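Q: Give me a 3D structure for the following:
(2 chains)
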Amino acid sequence: MTDPTVAPVLLIALPIVAAAVVLLAGLRWPRSGWPISLVALVLEGGLAAWLASAVFGDSGRLVHELGAYGRPGENEFAVGIELVADALSATMVGLIALIALSVLAVTRRAGPRGVPFYAAYLMLIGGLMGVSLTGDVFNLFVFLEITGIATYTLVASNRSAPAAVAALKYLIVGTTGASLYLLGVGYLLMATGTLNMADLAATLAGEPSFVDGPMYTDPLVLASFAFIATGLFVKAAIFPLHTWQPGAYDEAPDGVTVAISALVSTIGAYAFLRISLSVFTPAFFEATPIVATVIVTVASVSVVAGSALAVMQSRIKRTFAYSSVSQFGLVVLATGIAVHPDAGASAAEAALIGAVIHLVGHAVVKGGLFTAAMGLALDSDARTIDDLAGLGRQSPVLSAAMALLGLTLVGVPPAVGFLGKWYIVIGAMNADLWPVAVVILLSTVLTLAYVARLFEQLYFTPAPSGDEAGAEAPADTSDDHAMAADGGNSADDGTEEHLSDPTPGAPFGVVAVAVGAAILAILLGFAGAEFADALEPFVTEVLGQ
Amino acid sequence: MVLESIHPAALVLVAALLAWKLPRTVGHALGIAATLSAAAIAWFAPTGTHYSVQLFGTFDAVLFNVDQFSSLMGLIFGFIGAVAVLYSWASGADRVQTAFALSYVGTSLGAVFAGDWLTLIFFWELMAVTSTLLVWHYGGAAVRAGFRYALLHGIGGSLLLGAIVWHYAEVGSLLFSASTGMEGTVAQVLAAVGIGVNVGFVGLHAWLPDTYPRPHVAASVFLCVFTTKTGVYGMYRAFPDGHLWIAYMGGAMAVFGAFAALLQSDMRRLLSYHIQSQVGYMIAGVGIGSTLAVAGAFGHVFNHILYKSLLFMAVGVVIYRTGEESLDEIGGLGRKMPLTAITFTVAALSIAGFPGFNGFVSKGMVLAEAHHYAKYEALWYLLLIGGVGTFLSFIKLGYFAFVEGSYEGEIRDANLGQSVGMIAVASLCVLLGIYPAALYELLPGGHILSWQTFEASHYAFEVFTTSHILEGLALAAAGLVGFAILRAPLHRIGSVPDVDALYNRVGFYGTRWLVIAITELYALVDRGAVVLADTSMAVARDPEGYVRRVPGSEGVLGEPGERYRPLRSGIGRSILLVVLVVTVVLVAVLSG
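A: Modelled structure (predicted):
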């Protein structure tokens, strides 16, 4: 196996096969899910590293033709499905592999566990890998649906009624979005006769002999873009199409929230980036200036509305969920700037690099935030922001991780949140899109507001009950202690105490992942130049510079 | 030669460090040795010696640059430094004061041997610092005067720095050799005003009579030499071709300083005004800018350092022996302090420009050159009037201190160390006065034709011509006649306010109001920021409560406690939103 073009196939097949193995093995050994998943995802990590080393190394862009049908005919259109790995795909694959393992660590002790969870989780990873690697717009739909269905299952996996409702809402809204996407793909097929991304780009540009010229202003193509973009906006949870997202994030089991917050909307935003740049290409936006304006407008609304809604929340997970609405708005905004006709070469490049950095950075930061929130919930049953009062003392490590990641989210240098925003703002300013810079500033201020609230609760608000009791009557407390010590002999009391204790504490995996995410977020902040270098081939390819 | 590889400033600065720590006598001896060595280096180092480096990786700089100008300055600075250290030792200066004084000498040497503006300004500012320390060290009234001195020199130094930055932007190099003086009008104005503080332009001069009379008598000997003369040197570097306005400013200084001096009764204050007046002649020479005028100006720098330090030494001895600062308290000392009286007379005749003394030579060069140009006709008269004022005020000083009246009590003349220094300098004043070629030897530009003739570019200047001698005698006569008329009123005159009385007040109250205004403005902004932050945090902490304050919000939000349920979209509304958005996007995209 020296040919790295096989890696994309294995990356997709391995988790899907492993999901089936988990199901079958689970019939005989119900506790075998974790080890099988671990082995599969470690192998997946190895494959991702192999792919990355090939793509960022000598090979550059990798193409694997499934079934090796080749490209017969005078126009040399692909017949079968192609899997394509370029710098952007390889970045996504690496991100997914890393987070997949982290989520496994998070859920090891804290749950959810069990055969159905691991099977659905592996399916989810397979779907995500598929979306990242496919070079075919219909195949992308299929993998989006695999991702979606696995996610609906996972959201409902703790069997609570609100989770079921949230999952149902997610299913219906998500499927509507996917259908819109499929509708758009259908229009494209009608217009061009192909589903392969590279062939689509060539046909839309008017290269093959059977088209008269560029088809960018063809109503069919325009409508197709409208459907595809709206469909993917639903998946990426762009305001006002985000309605499924806060509920799903909030009601899903904590471990699942970590996975979907870090990966699922991310893949929707990735798909939008990929389709906009690799299928429609900047030439399309140049021919139809209104489209980029619509994207930038919708995204700007999302950036501000998401932050404003986040400020208004009282539950931690909902706050972070709305924050994602804003952050994905930012990624879409950057994409819009990158393809904007007013943007020069340097502006487009800065915005594109900013979009990718923010996509990756947000996945790390938001995954880490939800992990920290999960840890604090396990430690102290903190579910609302008010519950965080005084936890800076009780759970110093998790609180510090949450605080650091919060600052990253605001965009405090040198962490990765700053880096992404910086590139995007540079792009906006170079493209003379000043209102966009104002939008980003406004959203940053709002982000600061809810992060400042977290800080205030964690570090500057005393823990409510314990302190009050202590302050009221120290003598009583010592009595209580004495009584507890006395009563400690009785087995009954001990059991009761154990049962009534709702906080078994955050397991090591959760703490480690939260801290790791915080450290990674800061380290990535120093990697701006490396990011730009790594993405250079992709930037050159799509922007044609 | 070994000497050429040693920077004179480094030598003196090391001596300053040693003088600080070593016993007093050893330290002073070392100081004399170091300053004399510095003079020797300046004398023997061949023109063109330079040591260039690159500062901060960007600026070409020349730390040690020997040409005719810096060599002359270094020679006289080193020599008079040695005399002043000897005088300090004899006058009971302590170790620390002499260490400060030596560091002041060292930084001045660093400034005059600089070959570029960056090195110059570096030592220029250090010179201000070390001289301030020298003043402060004496304590008492010197502290506040030193503070005003530091403030004004800080402003002047900053203006010069601004000029240098501007100049660098124009020329792209900081080397003196890269351009002819300052380039760019703004740079020239800033440089003129910035250096003008150091040389005591009229209006910027008040620090001079304010500061120099206050510290120890030996410290005054140092102070009267370095700052203003380095200023003249800097003015030449900034304006090697001169400038009309600068020349006339020199004339104004000569007149203003001389007549302001006439009104003083504090001896050192009187001498301080005369620094301004004499520096006026130098600035006039630099301003005229011709080779002879510049040579005259630098000759006057040399001579002035000699006789002015001698004046401060002589007056210092009087103060040292009597403890009195004011002419009103003393008199008739000539009979009790003959040596002091004689050296004072030599110095007074030198400064007044009496034929046969060194001031006559160099002042004559500037006067002669001013007489050559129609545009400097008025300047010539100004300089002559300044000369009358000088005679007047020195006749006043000498008459009231050494001739008129009597001083009660036993009093001794200058001690040995003081006498040696004063006699050495007095001899030089006479020697250079009667044998001008010895002075010509040092002057930049031009060459010597005979023992009394100096030729520069177009004109041979002869010292002892009838008209020059008559001119000198006429000035002296005018001074004598004037003094005879003004004697009584001059004796009665009280203290006369100078411009500093105005700007000290303006500065004090202005600064106070400025501080109050800034503090209040800051407090206002601060209060605003705190209110904004508090409000923001309050809203962020309880957004619902604030939303509920908006009229009509009840209908949307529902009952308190049901948190935003109505804002949450159900499945149906979600789908409606999706459809709406896709419709809007479709319409927008297709219609565009």
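
Q: which regions of the stretch 401-550 of chain B sit below the pLDDT cut-off?
A: Within the stretch 401-550 of chain B, the segments meeting pLDDT under 70 span B:458, B:493-495, B:541, B:544.

Q: now the helices: where do they sit in it?
A: B:416-434, B:437-440, B:466-492, B:499-541, B:543-549 (DSSP state H, counting those that start in this stretch).

Q: now for the third one, which elements pack on it?
A: I take that to be helix B:466-492. Packing contacts for helix B:466-492, counted by 3 or more C-beta pairs under 8 Å, 6 or more residues apart in numbering or on different chains; DSSP states H and E, involve helix B:338-352, helix B:358-370, helix B:377-398. C-betas here are computed from N, CA, C, even on glycine.

Q: so which of the helices of the stretch 401-550 of chain B gets nearest residue B:245?
A: helix B:499-541 (19.3 Å; C-beta to C-beta).

Q: Adding mean neighbour count as columns, could you present the helices of the stretch 401-550 of chain B in TSV?
A: Shown next, in TSV, are the helices of the stretch 401-550 of chain B (neighbours: other C-beta atoms under 10 Å in any protein chain shown):
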stretch	mean neighbour count
helix B:416-434	20
helix B:437-440	20
helix B:466-492	15
helix B:499-541	12
helix B:543-549	14
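
Q: For these, give me TSV that also has distance to residue B:585.
A: Supplementary listing: the helices of the stretch 401-550 of chain B in TSV, determined by distance: least, C-beta to C-beta, whole Å:
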stretch	distance to residue B:585
helix B:416-434	95
helix B:437-440	93
helix B:466-492	97
helix B:499-541	33
helix B:543-549	30
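
Q: Quick one: closest of those to residue A:534.
A: Of the helices of the stretch 401-550 of chain B, the one closest to residue A:534 (C-beta to C-beta) turns out to be helix B:499-541, at 37.9 Å.

Q: by contact count, what packs against the closest one?
A: helix A:434-455.

Q: quick check, the helix it packs on touching chain B?
A: Yes: under the criterion of C-beta under 8 Å from any C-beta of the partner chain, helix A:434-455 makes contact with chain B via A:449, A:450, A:452, A:453.

Q: Quickly note the distance from the third one to residue A:444.
A: Right, the one you point to is residue A:452. Between residue A:452 and residue A:444 the computed distance is 12 Å (C-beta to C-beta, to the nearest Å).

Q: if we can go back for a sec, winner for burial among the helices and strands packed on helix B:466-492?
A: Across those, averaging neighbours per residue (mean count of other C-beta atoms under 10 Å in any protein chain shown) puts helix B:358-370 on top, at a mean of 29.

Q: After the helix or strand hosting residue A:397, which helix or strand is next? Please name it.
A: Taking DSSP states H and E as the criterion, residue A:397 maps to helix A:396-410. Of the helices and strands lying after helix A:396-410 in sequence (DSSP H and E), the nearest is helix A:416-430.

Q: quick one: buried residues of that next one?
A: If you call a residue buried by 16 or more other C-beta atoms under 10 Å in any protein chain shown, then helix A:416-430 has these buried ones: A:416-428, A:430.

Q: for stretch A:516-531, same thing?
A: So for stretch A:516-531, counting by 16+ other C-beta under 10 Å, buried means A:516, A:517, A:518, A:520, A:521, A:522, A:524, A:525, A:527, A:528, A:531.

Q: Pick out the most distant pair among those.
A: For the buried residues of stretch A:516-531, and using C-beta to C-beta, no pair is farther apart than A:516 and A:528, which are 20.6 Å apart.

Q: For residue A:238, which non-adjacent residue is spatially closest?
A: residue A:302 (4.7 Å; C-beta to C-beta, 6 or more residues apart in numbering or on different chains).

Q: how close does that neighbour get to residue A:280?
A: 20 Å.

Q: which one of these two has more residues nearby?
A: residue A:302 (29 against 25; other C-beta atoms under 10 Å in any protein chain shown).

Q: Kindly reformat the buried residues of stretch A:516-531 as JSON lines and extend each row with pLDDT, distance to chain B and secondary structure.
A: JSON lines is the format used below for the buried residues of stretch A:516-531 (pLDDT from 0 to 100; distance: C-beta to the nearest C-beta, whole Å; DSSP: H, G, I helix; E, B strand; the rest coil):
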{"residue": "A:516", "pLDDT": "92", "distance to chain B": "29", "secondary structure": "helix"}
{"residue": "A:517", "pLDDT": "91", "distance to chain B": "25", "secondary structure": "helix"}
{"residue": "A:518", "pLDDT": "91", "distance to chain B": "23", "secondary structure": "helix"}
{"residue": "A:520", "pLDDT": "91", "distance to chain B": "28", "secondary structure": "helix"}
{"residue": "A:521", "pLDDT": "90", "distance to chain B": "23", "secondary structure": "helix"}
{"residue": "A:522", "pLDDT": "89", "distance to chain B": "25", "secondary structure": "helix"}
{"residue": "A:524", "pLDDT": "88", "distance to chain B": "28", "secondary structure": "helix"}
{"residue": "A:525", "pLDDT": "85", "distance to chain B": "26", "secondary structure": "helix"}
{"residue": "A:527", "pLDDT": "82", "distance to chain B": "29", "secondary structure": "coil"}
{"residue": "A:528", "pLDDT": "77", "distance to chain B": "26", "secondary structure": "helix"}
{"residue": "A:531", "pLDDT": "81", "distance to chain B": "31", "secondary structure": "helix"}
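
Q: from those residues, which is closest to residue B:386?
A: Distances from residue B:386 to the buried residues of stretch A:516-531, taken by C-beta to C-beta, are shortest for residue A:528, at 68.1 Å.

Q: thinking that closest one is in contact with residue A:418, fair?
A: No: Residue A:528 lies out of contact with residue A:418 (C-beta atoms under 8 Å); the separation is 9.5 Å.

Q: and chain B, what are its domains?
A: Split into domains by automatic domain parsing, chain B comes to B:1-237, B:241-414+B:483-489.

Q: which residue does chain B bring closest to chain A?
A: The nearest approach of chain B to chain A comes at residue B:592, 2.6 Å away (C-beta to the nearest C-beta).

Q: With adjacent residues omitted, what lies nearest to that residue?
A: residue A:290 (2.6 Å).

Q: which element is the residue in chain A positioned nearest to chain B on?
A: At 2.6 Å from chain B, residue A:290 is the closest residue in chain A, using C-beta to the nearest C-beta. Using DSSP H and E, residue A:290 sits in helix A:289-311.

Q: does the next helix or strand after that helix come close to chain B?
A: Note on helix A:289-311: by DSSP H and E, the next helix or strand toward the C-terminus is helix A:316-338. No: using C-beta under 8 Å from any C-beta, helix A:316-338 stays clear of chain B, with a minimum separation of 9.6 Å.

Q: buried set for the next helix or strand after helix A:316-338?
A: Counting by DSSP H and E, the next helix or strand C-terminal to helix A:316-338 is helix A:345-380. For helix A:345-380, a neighbour-count test (16+ other C-beta under 10 Å) marks A:347-380 as buried.

Q: Does anything pack onto helix A:345-380? Which helices or strands?
A: Using 3+ C-beta pairs under 8 Å, 6+ apart: helix A:345-380 touches helix A:87-110, helix A:254-274, helix A:316-338, helix A:391-394, helix A:396-410, helix A:416-430, helix A:508-525, helix A:528-543.
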